[in-house]
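Asks: take a look and give me a structure for this.
(2 chains)
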Amino acid sequence: MTDPNVPPDVNEPGFYTPVGSRRKFFQWVTGAAAAVVAAGLAIPLIGYVISPSFKRREQVWVEIGSLADLTVGAPKQLDYVTTIKDGWMETTAHKAVWAIKQADDQVTVFSPLCTHLGCGYRWDDPDRTFKCPCHGSVYDVTGKVLGGPAPRNLDILPSKVENGKLFVIYKEFKAGLPTSVEL
Amino acid sequence: MVSRLYEWLDSRLKLKSVERTLLDEPIPGGASWIYVFGSATLFLFLLQAITGMFLAIYYAPTPDHAYDSLQFIENQVTFGAFVRGLHHWGASGMVMVIGLHMLQTFLYGAYKPPREVMWMVGVALFLIVMAFAFTGYLLPWDQNAYWATQIGINMVGTVPVVGDLLVRVLRGGETLGALTLSRFFAVHVLFLPAILVTGIALHLFILRRVGPAGPWQGGFERRQREGGGSPAIVERRVRSSETFYPRQVFMDAVVMLGIFVVVGALALTVSFPLADKANPSDTSFVPVPEWYFLFYYQLLKYVHGPLEPLATWILPAIFFLVLLFWPFIDRNPTRHPTSRPFALGSGALFLVIVFALLGISLRDLYAVPHADPSVAHGKALYVQFGCAGCHRIHGEGGAVGPDLSYAGDARPDRDWHYRHFRDPQSVSPGSIMPKFPLTDREISDLTSYMLSLKRSA
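Replies: So this is what the prediction gives:
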């Protein structure tokens, strides 16, 4: 290319426009520049828009009580306060899960929602069963379905005991399915 | 496929004549790299518009959430820091490219008849861009944003008669708060873009009506010799032209790509973390403005007392009025720079003042090199003399004296510290700070340490 400031016929009257391979070259570079800028913007921007949509919620161990508060074989509803992240907002929420201590100090923690349609169930001490007030599902102390429309046993939450303290990861599961599917 | 679709549409919408009008615009004297700044400005505006739209996806314009939502963009969203970086550096780039665009127009005398209105619309567009910068700066709602806006609004308050009213309208109330943030947000993302797009359309419409000015040779002189016809028509007749497409488009495209690469590289490599969240009760915070306002920030330091309105509104008002009506002030019909000593002299004087002020300001801001050994020595003296008994640096120390976390930003002047260490009461009457028995060397080192305490360090 010659000096771009001086087209060949600058002193001639009338229009000048590049032709042939020079014209092709300018067209090609213009197109390439546009493509690079478009791709350089499109890729980050698409990632920017979709990334939080696919981010799994952070799963954190939350302390919900001490092992000493539980009696072997007697389910107890443990209330606790947890922090929930919603984008840039952090809110606190009350959760209540059912915990049962086994004879060997192992603890099973059940999700507090009935597997049928997600109602909160209760412990019936005289019957020694969990009963759902909504549609009458019944579970035994191990979470097994004894009756009613519930399609599967109670969902078990990951739990651990450290230094006599009980920790869980709170999760929710899809209601109405024969197997546990995490939300 | 695409060309067949185009043919089909063209047979109905007559697109080819539109294409010809857009691309075969004559460029008097031929395409040139010196004409790229207008297109570059338009490109940066589009970049700002696009990145701004995407930032708005996660941004929340309330004092409770604005800062957190930006932290979320920075730290949680994929490419979030990159998109914010593009918007941040794109804003700087826009100011820079507009400056070059105006400089080129000025140097080429392209504001002269018949293009006076185009120049005036351009000046109005420049003012709108400044309004973008001002409103956008508050949105992150960090300490810098809050206190810089506070100062900007207070400067408006020095305008006589209507000052108080303007301040209230800007804030949307008595204090800078939730109402201020939401109206700044609305103005930044809805009102100003609408106004700017209209202004750009007008600017380009005028450009197509009068045509580009072309090189400064010939033009007016020849028109005056030959006479007859409107200035634009005569100018085009006497000069050879090249079509806008493909060579000027090619040059514009190359420059746009270059700008994108530079802005993108800055966004990827230079981080600009948020300051602490805005704290209206922390009055010790001294904000430092963006680089393009630094010259003005420096000017404000020199003007105090009864002269203050001079810097806060009289000079800016005169400047913008002169700029706006410049085509009518400079009546010299020649466009060649060597025949315009008055115009170029005033332009050069203005630039010299601006860059001198910018230089002084930058020198003050970056006075102390980070590796300066006197800084370390000064820090040791600070500990040795128990300064922390009264002063606090980043949360450590007493709260009796002023917080020194950003002493270098608050007091960038070395001399002030020298005098202050020798005799605190001499520069700060009523100060309860004792006179310490310090040698000149110790004073110098302590001063270096004080000046190193900056946000940018």
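Asks: domain map for chain A?
Replies: A:1-55, A:62-168 (automatic domain parsing).
Asks: please identify the deepest-packed of these.
Replies: domain A:62-168 (a mean of 15; mean count of other CB atoms under 10 Å in any protein chain shown). All C-beta spots, glycine's among them, are computed from the backbone N, C-alpha and C.
Asks: avg pLDDT for that domain?
Replies: Mean pLDDT, domain A:62-168: 88.
Asks: please see if that domain touches chain B.
Replies: Yes - against chain B, domain A:62-168 shows contacts by CB under 8 Å from any CB of the partner chain at A:87, A:88, A:89.
Asks: closest to residue A:163 out of these?
Replies: residue A:89 (32.1 Å; CB to CB).
Asks: relative to residue A:52, how far out is the nearest residue to the closest one once chain neighbours are set aside?
Replies: Distances taken as CB to CB, 6 or more residues apart in numbering or on different chains place residue B:65 nearest to residue A:89, at 6.8 Å, with adjacent residues excluded. Separation of residue B:65 from residue A:52 (CB to CB, to the nearest Å): 15 Å.
Asks: any chance you could map the strands in the chain?
Replies: By default, I'm working from chain A. Counting by DSSP state E, chain A has strands at residues A:15-16, A:62-66, A:76-86, A:89-101, A:107-110, A:122-124, A:129-131, A:138-139, A:145-147, A:156-157, A:159-162, A:165-168.
Asks: ah, I was thinking of chain B
Replies: Going by DSSP E, chain B shows strands at B:26-28, B:241-243, B:392-393, B:396-397.
Asks: looking at these, which is buried most?
Replies: Ranked by average neighbour count under the criterion mean count of other CB under 10 Å, the strands of chain B are headed by strand B:241-243 at a mean of 23.
Asks: which elements pack onto it?
Replies: Strand B:241-243 makes packing contacts with strand A:15-16, strand B:26-28 when contacts are defined by 3 or more CB pairs under 8 Å, 6 or more residues apart in numbering or on different chains; DSSP states H and E.
Asks: worst mean pLDDT among the ones you listed?
Replies: Taking the mean pLDDT of the helices and strands packed on strand B:241-243, strand A:15-16 comes last: a mean of 66.
Asks: against which helices or strands is the longest helix that chain B contains packed?
Replies: What stands out as the longest helix in chain B, according to DSSP state H, is helix B:80-107. The contact analysis (3+ CB pairs under 8 Å, 6+ apart) places helix B:80-107 against helix A:20-50, helix B:36-58, helix B:66-75, helix B:116-138, helix B:249-269, helix B:291-302, helix B:341-365.
Asks: now with 7 Å, please.
Replies: Using 3 or more CB pairs under 7 Å, 6 or more residues apart in numbering or on different chains; DSSP states H and E, the elements in contact with helix B:80-107 are helix A:20-50, helix B:36-58, helix B:66-75, helix B:116-138, helix B:249-269, helix B:291-302.
Asks: okay, the ones you listed in JSON lines with mean pLDDT and distance to residue B:21 next?
Replies: Listed next are those as JSON lines, based on pLDDT from 0 to 100; distance: least, CB to CB, whole Å:
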{"stretch": "helix A:20-50", "mean pLDDT": "95", "distance to residue B:21": "18"}
{"stretch": "helix B:36-58", "mean pLDDT": "97", "distance to residue B:21": "17"}
{"stretch": "helix B:66-75", "mean pLDDT": "94", "distance to residue B:21": "42"}
{"stretch": "helix B:116-138", "mean pLDDT": "97", "distance to residue B:21": "19"}
{"stretch": "helix B:249-269", "mean pLDDT": "97", "distance to residue B:21": "14"}
{"stretch": "helix B:291-302", "mean pLDDT": "89", "distance to residue B:21": "36"}
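Asks: alright, that wraps it up for me.
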